[in-house]
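K.L.:
next come a sequence and a model predicted from it.
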Amino acid sequence: MKRIRSMIDTAGAEFRRNTEHNRRVVAEFREKQEAARHKRPQRDLDRLSKQGKMRPRERIEKLLDPGTPFLELSSLAANMAYGGESPSASSIVGIGVVSGREVLIRADDPSVKGGAWYPLTAKKIVRALDIAMENRLPVIHLCDSAGGFLPLQAEVFPDRYMAGRIFRNQSILSKMGVKQLSLVFGHCTAGGAYIPGLSDYSVIVRGTGAVFLGGPPLVKAATGEEVTVEELGGADMHTSVSGTCDYPARSEEDAIRIGREIVAQWDQERKWDCQREAPEAPAYDPVELYGIIPDDIKKQFDMREVIARIVDGSRFHEYQPNYGKTLICGYANIWGFKVGILANNGVLFNDSSLKGAHFIELCNQNATPLVFLQNITGYMIGREYERQGITKDGAKMIMAQSCSRVPKFTVMCNGSFGAGNYGMCGRAFDGRFLFSWPNHQIGVMGGDQAAKTLVDVKVSQMKRAGQEPDQAVLDKVYEDTRKAYLEQLSAYYSTSELWDDGILDPVDTRNALGVAISASLNAPLGDSGYGVFRF
């Protein structure tokens, strides 16, 4: 494949201005991420220390094979919810290597309300187990939770994708033969008791670990029975009487040692045979992405420059380079894995939509995973384009993408607006992983467009009511709408609501995709097949 020839002037004023802007953006992201990971009230840290407990990230570090990567997912979940009371949605999720096996790790965070599950905690755990099912990844649960956060129980408990879905997903994983291990470091209360109960293997720490449907206070209130934690659900009882847990551990370190020994006994699934070559670093420094991403969401940039700083050797075989030029399609390698890339270079027209649909079909025929790099304002609108069938052609692209059998990965590089989000494998389309950059914005339309649209609606309403449009009222509608839209368009709002699998520093994109693609190969390819294409 031919190496992309970069046209970026790295000494130019625009590149320097973009670099300065994006370094500030990334610094803000890193600051938020660091706070979510480590900033806790001292009283909570003291409580864990008094109980002889490690912090959850220490547990993960000791569990992982030394020197191996850990791809943390959704580190800023719930960052704009609950007044900031639930950093990282009170849980840690990621993909790592334990005893030589790729696994998904899910850890409660007892430094936040005793590890209680907020609504977005349940959503994050459900998503984690969806990832395990989609990619056939064994799961290690690090359990230390007080159960559902009772003040918000109506948002945690009853609906289809709330806490009950966690246990449903655990059951489906077992049915699929995907292994699960629970390391019980603290209390597993109420529904949380089913996590070790539904795991194939469980280890419980003597003295701090406990599993019960209702703790001693609830038992006394409900039945009048007085019972200690150890009698009700401690390590010795569950490993010698009930059989709910398999192995007692002397300490957290001992539990992790036993857990690693258990994982070492697991057979390793054979990955499906994706085309692969020896990995090679990009020819251009990924740090240059800071100078390529514009300092204004409305400014266009050439996505080939992004591709050149992500793919192996910066080599790219572009498909149909002279047709449908607002959508770049082609083949490359990422950490050695062959992928098909679709990247936006403008609005999607009829020809670019058809080109995208056809390229997706080729990748499915060739068993080549798909990577979507989004910077899209949508499909082209207007009388001329509707007469040419833009809705019909956009639907072809959506159909081809929706019915793909190969793994799909999406990176939100800049804007993601309107139905362009759909054709380019937005969250609703079951990509294996979806990541965002901190400059990313997502919405039905941009803030300015939404504000102008609602001003026009207001003018029409006032005229129908026989009123003369009041400019002060219209200005207020515009500013209020724009302000609300900009908050909800931001990458931080998106990741807070778990509309992605986490924000990435653009420089880390290549590594994140490498881990994600490798994990995806554990699940067999599905069957080919499409619905009806409207011709």
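P.N.:
Yes, it's here.
K.L.:
biggest helix in the protein by residues?
P.N.:
The longest helix of the chain (DSSP state H) is helix 13-38.
K.L.:
mind checking how far it is from the chain centre?
P.N.:
Averaging C-alpha positions (Cα atoms, centre = their mean, to the nearest Å) puts helix 13-38 20 Å from its chain's average.
K.L.:
pull out the buried residues from that helix.
P.N.:
Buried positions in helix 13-38, judged by neighbour count with 16 or more other Cβ atoms under 10 Å: 15, 18-19, 21-22, 25-26, 29, 32-33, 36-37. All C-beta spots, glycine's among them, are computed from the backbone N, C-alpha and C.
K.L.:
swap in stretch 243-259?
P.N.:
So for stretch 243-259, counting by 16+ other Cβ under 10 Å, buried means 244-249, 252, 255-259.
K.L.:
what does that stretch rub up against?
P.N.:
Residues from elsewhere that reach stretch 243-259 (Cβ atoms under 8 Å, 6 or more residues apart in numbering): 52-54, 59, 62-63, 98, 140, 181, 183-185, 196-197, 201-206, 208-209, 211, 235-236, 238-239, 262.
K.L.:
average pLDDT for the longest helix of the chain?
P.N.:
For helix 13-38, mean pLDDT is 98.
K.L.:
run through the neighbouring helices and strands of that helix.
P.N.:
Judged by 3 or more Cβ pairs under 8 Å, 6 or more residues apart in numbering; DSSP states H and E, helix 13-38 is in contact with helix 289-292.
K.L.:
same for the helix it packs on, what does it pack against?
P.N.:
Helices and strands touching helix 289-292, by 3+ Cβ pairs under 8 Å, 6+ apart, are helix 13-38, helix 303-307.
K.L.:
nearest to V229 among those would be which one?
P.N.:
Distance to V229, taken as Cβ to Cβ, is lowest for helix 13-38 among the helices and strands packed on helix 289-292, at 29.2 Å.
K.L.:
what's downstream of the closest one, the next helix or strand?
P.N.:
Using DSSP states H and E, the next helix or strand after helix 13-38 towards the C-terminus is helix 42-50.
K.L.:
and that next one, what's buried?
P.N.:
Buried positions in helix 42-50, judged by neighbour count with 16+ other Cβ under 10 Å: 44, 48.
K.L.:
got the buried residues for whichever helix or strand comes after that helix?
P.N.:
For helix 42-50, the following helix or strand on the C-terminal side (DSSP H and E) is helix 56-63. For helix 56-63, the neighbour count (16+ other Cβ under 10 Å) marks 56-57, 59-60, 62-63 as buried.
K.L.:
show me what contacts H440?
P.N.:
For H440, the contact set (Cβ under 8 Å, 6+ apart) comprises 412-416, 491, 494, 503.
K.L.:
switch to 10 Å and redo it
P.N.:
H440 makes contact with 293, 297, 374-375, 411-416, 489-492, 494-495, 500, 503-504 under the criterion Cβ atoms under 10 Å, 6 or more residues apart in numbering.
K.L.:
repeat for R101
P.N.:
Going by Cβ under 10 Å, 6+ apart, R101 touches 65, 137-138, 140, 179, 263-264, 266-269, 522.
K.L.:
L348: how many residues sit nearby?
P.N.:
28 (other Cβ atoms under 10 Å).
K.L.:
right, and it touches T391 too?
P.N.:
No - using Cβ atoms under 10 Å, L348 is not in contact with T391; the gap is 11.6 Å.
K.L.:
where do the contact lists of these two overlap?
P.N.:
Both L348 and T391 are contacted by 379, 419, under the criterion Cβ under 10 Å, 6+ apart.
K.L.:
in TSV: the buried residues of helix 13-38, plus distance to K220.
P.N.:
Below are those laid out as TSV (distance: Cβ to Cβ, whole Å):
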residue	distance to K220
F15	68
N18	63
T19	63
H21	59
N22	57
V25	53
V26	52
F29	47
K32	42
Q33	42
A36	37
R37	38
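K.L.:
picking that back up, now go through the contacts of stretch 243-259 and say which are in strands.
P.N.:
Counting by DSSP state E, the contacts of stretch 243-259 place 98, 140, 181, 183-185, 201-205, 211 in strands.
K.L.:
highest neighbour count among the contacts of R101?
P.N.:
Within the contacts of R101, neighbour counts (other Cβ under 10 Å) peak at I140, which reaches 27 neighbours.
K.L.:
so what's it up against?
P.N.:
Residues in contact with I140 (Cβ under 10 Å, 6+ apart) are 60, 63, 96, 98, 101, 103-107, 179-183, 199, 201, 256, 259-260, 262-263.
K.L.:
wasn't E102 part of a helix?
P.N.:
No - when classified by DSSP: H, G, I helix; E, B strand; the rest coil, E102 is found to be strand rather than part of a helix.
K.L.:
for it, which residues are in contact?
P.N.:
For E102, the contact set (Cβ under 10 Å, 6+ apart) comprises 68, 95-96, 135-138, 268-269, 271, 515, 518-519, 521-522.
K.L.:
what pLDDT does it get?
P.N.:
pLDDT recorded at E102 is 97.
K.L.:
which SSE is K220 in?
P.N.:
Taking DSSP H and E as the criterion, K220 maps to helix 216-223.
K.L.:
beyond that helix, next helix or strand please.
P.N.:
Using DSSP H and E, the helix or strand that follows helix 216-223 towards the C-terminus is helix 229-233.
K.L.:
list the buried residues of that next one.
P.N.:
Using 16+ other Cβ under 10 Å as the test for burial, helix 229-233 gives 229, 232-233.
K.L.:
and for stretch 411-428?
P.N.:
Buried residues in stretch 411-428, counting neighbours by 16+ other Cβ under 10 Å, are found at 411-427.
K.L.:
now do stretch 168-177
P.N.:
169-170, 173.
K.L.:
likewise for stretch 160-169?
P.N.:
So, applying 16+ other Cβ under 10 Å, buried residues of stretch 160-169: 162-167, 169.
K.L.:
contacting residues around stretch 472-479?
P.N.:
Stretch 472-479 has contacts (Cβ under 10 Å, 6+ apart) with 448, 450-452, 454-459, 462, 467, 470.
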